[in-house]
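Trainee: Build me a model:
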Amino acid sequence: MDLSSHRPNHPTSTVPTPPTIDPAALEAALALVLPALAERQGAMLAVKDAQSGSYLWANERMAQWLGVSPDELPGRADADLLDAPLVTTLRAAEHTALAQGQPLTSEHRFERDGEKHDYRVLRLLTPPSADGRRLLCSVWTDQAVQKAKDAQLRAALEQLEQLQRNIETLRRELQDHSLRDTRTGLYTRAHFDDQLRREVDLSTREHREFALVAIAVDPPSPRVAELGAPAHTRIVETLGRLLRGNTRAMDASCRVDDRRFAVLLSGVGLATAHARVESLRRECATQIVVLDGEELRFTVSMGVASYPHTAHSQEELREACDAALAEAQRRGGNVVTLAGIRFERVD
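Mentor: Just a heads-up that it's a prediction; the model follows:
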């Protein structure tokens, strides 16, 4: 059976024939596009005779930089237009390009007519023509413009980074303000309790001690009582400043209520804590508070307890500290009292 008559009739696929390129038309197109592109990019173009170094053509920008019109430039060399040191530098770069026979990029920094110049120059050597002639084409790009843009970009980035730092600082300050009493600058009770819990956990793990101090402003003098709330507010602000100035970064100070304060002294024992708060008590007693030109005085009572020597839990520590403060107040105030050290019975 002849199957040839039953073969499907598919159309024959053909590969399209590429169009014929007219070298003259391509050269004309490139001659039109390249100067326009260079003009848009702010580049300078030049074509020289490779052997003699004389100019054959240059765009308007290059001719203007050389100090002549494009029509006056052909046949002239760099030696006719530029200073000798610059001519030597440019010619050396051209010789390098000729020797390598492939595109070469060079950096040229020099001063001309009192102005500093910074150019990046790409040099390309054409293949020999029928008469053996070779052309040296160069593209000059002013780096000063690019460097100015880079400097503007760096300045903008630095401003953004500074803005981010300012925002972060403001965020931390706002967060910190939410944790502090506005009148004294001391921590709020809730944040102080968190600090105390962390200190108890840390001391338990590392077997080290710390101290807790309860502070109360003693009853006011008759004159302070007469002046009322403004005088009390000024005393509270002064005490807050003294507490901030007499504690370390790892310590924590808190305003418990209108007349009571607390201080956590990290990593110190009962004796060291007593010495520090005794110094603070004396400073409070000698501090002068001025209100409307009038000098006021105040004193404080303090109770000191330590963990784990006077207490073995956070609640016991608070109770021991409050008991020591109550004893200081019972003694008439303006005194520091230590909580008793508990001794465990050993059977």
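
Trainee: and after the helix or strand where Lys116 lies, which helix or strand comes next?
Mentor: Secondary structure assignment for Lys116, by DSSP states H and E: strand 115-125. Sequence order places strand 135-142 as the next helix or strand after strand 115-125, per DSSP H and E.

Trainee: bridging residues for Met55?
Mentor: Small correction: residue 55 is Tyr, not Met. Taking DSSP bridges as the rule, Tyr55 bridges to Lys48.

Trainee: How about the contacts made by it?
Mentor: Ala46, Val47, Lys48, Leu73, Pro74, Gly75, Arg76, Ala77 (Cβ atoms under 8 Å, 6 or more residues apart in numbering). Every residue, glycine included, has its C-beta placed from N, CA and C.

Trainee: Please pick the buried ones from these.
Mentor: Buried members of the contacts of Tyr55, scored by 16 or more other Cβ atoms under 10 Å, are Ala46, Val47, Lys48, Leu73.

Trainee: Looking at the residues you listed, which is nearest Leu179?
Mentor: Taking Cβ to Cβ as the measure, Leu179 lies nearest Ala46 of the buried ones among the contacts of Tyr55, at 69.1 Å.

Trainee: Glu60 is in contact with the closest one, correct?
Mentor: No. With contact defined as Cβ atoms under 8 Å, Ala46 does not count as touching Glu60 (11.6 Å).

Trainee: In the stretch 151-300 of the chain, what residue spans correspond to strands?
Mentor: Ranges of strands within the stretch 151-300 of the chain are 210-217, 252-255, 260-265, 289-291, 294-296, 300-307, based on DSSP state E, counting those that start in this stretch.

Trainee: ok, for Gly185, nearest residue in space, not its chain neighbours?
Mentor: Gly240 (5.5 Å; Cβ to Cβ, 6 or more residues apart in numbering).

Trainee: What residues does the one you found make contact with?
Mentor: Asp181, Arg183, Thr184, Gly185, Leu186, Ser253, Arg255, Phe261 are the contacts of Gly240 under Cβ under 8 Å, 6+ apart.

Trainee: If I look at the fifth one, what pLDDT would I see?
Mentor: What it means is Leu186. As predicted, Leu186 sits at a pLDDT of 88.

Trainee: That one: how many residues sit nearby?
Mentor: The number of residues packed near Leu186 is 26, by other Cβ atoms under 10 Å.

Trainee: Thr310 versus the residue nearest to Val224 when sequence neighbours are not counted, what's the distance?
Mentor: Leaving aside its chain neighbours, Val224 sits nearest to Ala231 (4.8 Å; criterion: Cβ to Cβ, 6+ apart). Note on Ala231: its distance to Thr310, by Cβ to Cβ, to the nearest Å, is 35 Å.

Trainee: Next: Gln195.
Mentor: Gln195 sits at a distance of 19 Å from Thr310 (criterion: Cβ to Cβ).

Trainee: now Asn246
Mentor: In terms of Cβ to Cβ, Asn246 sits 22 Å off from Thr310.

Trainee: quick one, which of the two is more surrounded?
Mentor: Legend: neighbour count by other Cβ under 10 Å for Asn246 and Thr310, higher for Thr310 (24 against 16).

Trainee: how many neighbours does the residue nearest to Pro308 when sequence neighbours are not counted have?
Mentor: Excluding the flanking residues, the one nearest Pro308 by Cβ to Cβ, 6+ apart is Glu209, at 6.5 Å. Using other Cβ under 10 Å, Glu209 has 18 neighbouring residues.

Trainee: separation between Glu209 and Asp113?
Mentor: On the measure of Cβ to Cβ, Glu209 and Asp113 end up 79 Å apart.

Trainee: The residue nearest to Val224 touches Val290, doesn't it?
Mentor: No. Counting by Cβ under 8 Å, Ala231 stays clear of Val290, with 10.5 Å between them.

Trainee: Identify the contacts common to the two.
Mentor: Shared contacts of Ala231 and Val290 (Cβ under 8 Å, 6+ apart): Leu296.

Trainee: between those two, who's got more neighbours?
Mentor: It is Ala231, of Ala231 and Val290, that has more neighbours when counted by other Cβ under 10 Å, with 21 against 10.

Trainee: Identify the residues contacting that one.
Mentor: Ala231 touches Pro220, Val224, Val289, Leu291, Leu296, counting by Cβ under 8 Å, 6+ apart.

Trainee: List buried residues within those residues.
Mentor: For the contacts of Ala231, a burial check counting by 16+ other Cβ under 10 Å picks out Pro220, Val224, Val289, Leu296.

Trainee: how about CSV for those residues, with pLDDT and distance to Val139 added?
Mentor: Conversion of those to CSV gives the following (pLDDT from 0 to 100; distance: Cβ to Cβ, whole Å):
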residue, pLDDT, distance to Val139
Pro220, 92, 87
Val224, 90, 85
Val289, 91, 78
Leu296, 91, 82
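
Trainee: nearest residue to Gln195 other than its sequence neighbours?
Mentor: Gln195's closest residue in space is Ala252 (Cβ to Cβ, 6+ apart), at 4.4 Å.

Trainee: Could you give the bridge partners of the one you found?
Mentor: Leu264.

Trainee: measure it to Arg189 for me?
Mentor: 11 Å.

Trainee: who's more crowded, these two?
Mentor: Taking other Cβ under 10 Å, Ala252 and Arg189 do not tie; Ala252 has more neighbours (21 against 14).
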